[in-house]
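Undergrad: Predicted coordinates and the sequence they were generated for:
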Amino acid sequence: MADTRQQNVFLFPLGTVLFPGGLLPLKIFEQRYLEMTKACLRDNLSFGVCLIREGREVGTAAVPESVGCLATIEQWEMPHTGMFHLLARGGDRFRILDTRVAANGLLSGDVELLPPMEPCAPDADCVALLQRVIEQVGAENFPQPLKLDDGAWVAHRLAEMLPLAMADKQSLLESGRAADLINIIKISIKTNT
């Protein structure tokens, strides 16, 4: 049975896709997102990261894709007034039910949390590729702890790294079964090599 937990979250439309367990460094400087960051830090809230369907990251509120990923702030610093540097980690996937735009242009919405991916064993070829990348760039550049025995975790890390169009990455985020995600990743690896 699907997990139908609903909540209201701030939405942060971006030109990238955040996957569960992934790390997302952000520089926050727009007033609306400064206010969002302060509220999230003060109240220990997550916010929703969504790929932009229409519009831009800066300026008027963009139209987000309907499926996104919750983000929790893990590290933050304020190098000077009016600027936050954040490191956020991806959590649950969600589907947007409706949205609102505040007077300051900050988007929020009611979201339905999607069920976690069905677990599956990792694909040996995908694990071998990810291990080679980890050895080349260093384990410190990947979300810890490394979960090479988790098929969905491996597939999400590869989806982050592969040179895919953002629309393709969005499709991978929307996939609800780890086995399907791994098959799509394997096809992408063959296509891009």
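TA: Perfect, thanks for sending it. Keep in mind that what you see is a predicted model, and the values were worked out from it rather than measured.

Undergrad: What is the longest strand of the protein by residue count?
TA: strand 83-101 (DSSP state E).

Undergrad: and after that strand, which helix or strand comes next?
TA: strand 107-113 (DSSP states H and E).

Undergrad: okay, the angle between that following strand and strand 83-101?
TA: Put simply, strand 107-113 runs at 80 degrees to strand 83-101, going by axes from the mean of the first three to the mean of the last three C-alpha atoms, to 10 degrees.

Undergrad: how about strand 107-113: buried residues?
TA: Within strand 107-113, the residues that count as buried by 16 or more other C-beta atoms under 10 Å are L107, S108, G109, V111, L113. Bear in mind the C-beta positions are built from the backbone N, C-alpha and C, glycine included.

Undergrad: Report the beta-bridge partners for the second one.
TA: Looking back up the chat, that one is S108. Using DSSP bridges, the bridge partners assigned to S108 are F10, R100.

Undergrad: Surely it touches A102?
TA: Yes: counting by C-beta atoms under 8 Å, S108 touches A102, with 6.9 Å between them.

Undergrad: Which residue, other than its chain neighbours, is closest to F19?
TA: H156 (4.0 Å; C-beta to C-beta, 6 or more residues apart in numbering).

Undergrad: The one you found: what's it in contact with?
TA: By C-beta atoms under 8 Å, 6 or more residues apart in numbering, the residues touching H156 are F19, P20, G21, G22, L181.

Undergrad: Can you tell me the SS state at the last one?
TA: What that stands for is L181. Following DSSP: H, G, I helix; E, B strand; the rest coil, the label given to L181 is helix.

Undergrad: okay, the residue nearest to F19: pLDDT?
TA: Looking at H156, its pLDDT is 90.
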